[in-house]
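# This is a predicted model, with the sequence first.
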Amino acid sequence: MPSVTLIDHPLIQHKLTLMRQKDTSTAKFRQLLEEISMLLAYEVTRDLPLEKVAIETPMTTMDAPMLSGKKVVLISIMRAGQGILDGMLELMPSARVGHIGLYRNPKTYVPVEYYFKVPADVAERDMLVVDPMLATGNSAVAAVYRLKETQPQSIKFVCLLAAPEGIAHFHAEHPDVPIFTAAIDERLDEHGYILPGLGDAGDRMFGTK
């Protein structure tokens, strides 16, 4: 069944409110996105498998839990996905990283792929696909279709904000892929942007508008 997990931790919600404010600087926006991304990563990875390994503490030996086998591959939907990627890598520095480049046709809102690169061993890993905004859902749907061709162990989609329209579209196409988000906003406007939202995440991250 389709699932959406709303990660409503108070620290995430507080930082998200600061990001939404139109007078938040580019530098502060980036910092907040990185901080929220670390907190999102903590929640999204709760079900990673563990195995017991023998270690020696300063006091004695013990069997202690460590992550089992091949771990995570983070896939950034360019360009705005980079902000979430950077934060998650702070928490998971050994994760493999892939990129898929998509831009939205401003008239049709249809995504156009211009770049695709993932690790060779992605089929042995759990995949976290990251993009700050799930608006129309067109880019996320196209990205996940493309990524399914690599046959990862599992796929989760992680975003900062989601619109109800985007969630419905995404799960109509990918009912097997769970969504993790910090907020579900009211709706889309006539241009396909999330309301109340926070504007264009990529432009606010990189200061390009």
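Yep, it's here.

# Let me see the mean pLDDT of stretch 133-151.
Per-residue pLDDT over stretch 133-151 has a mean of 94.

# Also stretch 188-201?
For stretch 188-201, the mean pLDDT works out to 92.

# buried sites along it?
By neighbour count, with 16 or more other CB atoms under 10 Å as the criterion, the buried positions of stretch 188-201 are L188, G192, I194, G197, L198, G199, A201. Placement of C-beta: from N, CA and C, glycine included.

# can you map out the strands along this protein?
For the chain, applying DSSP state E gives strands covering 4-6, 50-56, 61-67, 72-78, 96-104, 111-117, 126-130, 133-134, 154-162, 179-184, 187-188, 194-195.

# got TSV for these, with distance to L89 too?
Listed next are the strands of the chain as TSV, based on distance: least, CB to CB, whole Å:
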stretch	distance to L89
strand 4-6	21
strand 50-56	21
strand 61-67	15
strand 72-78	7
strand 96-104	7
strand 111-117	16
strand 126-130	11
strand 133-134	20
strand 154-162	13
strand 179-184	17
strand 187-188	30
strand 194-195	25
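
# dump the residue contacts of the residue most central in space within the chain.
Relative to the mean C-alpha position of the chain, the nearest C-alpha, by CA atoms, centre = their mean, is the one of V130, at 2.4 Å. Neighbouring residues of V130 by CB atoms under 8 Å, 6 or more residues apart in numbering: S37, L74, I75, S76, I77, G81, I84, L85, M88, F157, V158, C159.

# Could you rerun that using 7 Å?
Contact partners of V130, counting by CB atoms under 7 Å, 6 or more residues apart in numbering, are L74, I75, S76, I77, G81, I84, L85, M88, V158.

# Local confidence estimate at it?
Residue-level confidence at V130 comes out at 97, pLDDT.

# Skipping adjacent residues, who's closest to it in space?
Setting aside the residues directly before and after it, V130 is nearest to I84 in space (CB to CB, 6 or more residues apart in numbering), at 4.0 Å.

# The one you found: what's it in contact with?
I84 sits next to L33, S37, V130, P132, V158 when contact means CB under 7 Å, 6+ apart.

# Relative to P132, how far out is the closest residue to the second one other than its chain neighbours?
Right, the one you point to is S37. Using CB to CB, 6+ apart and skipping the chain neighbours, the partner closest in space to S37 is G87 (2.5 Å). As judged by CB to CB, to the nearest Å, G87 and P132 stand 11 Å apart.

# The two: which is more packed in?
P132 (28 against 22; other CB atoms under 10 Å).
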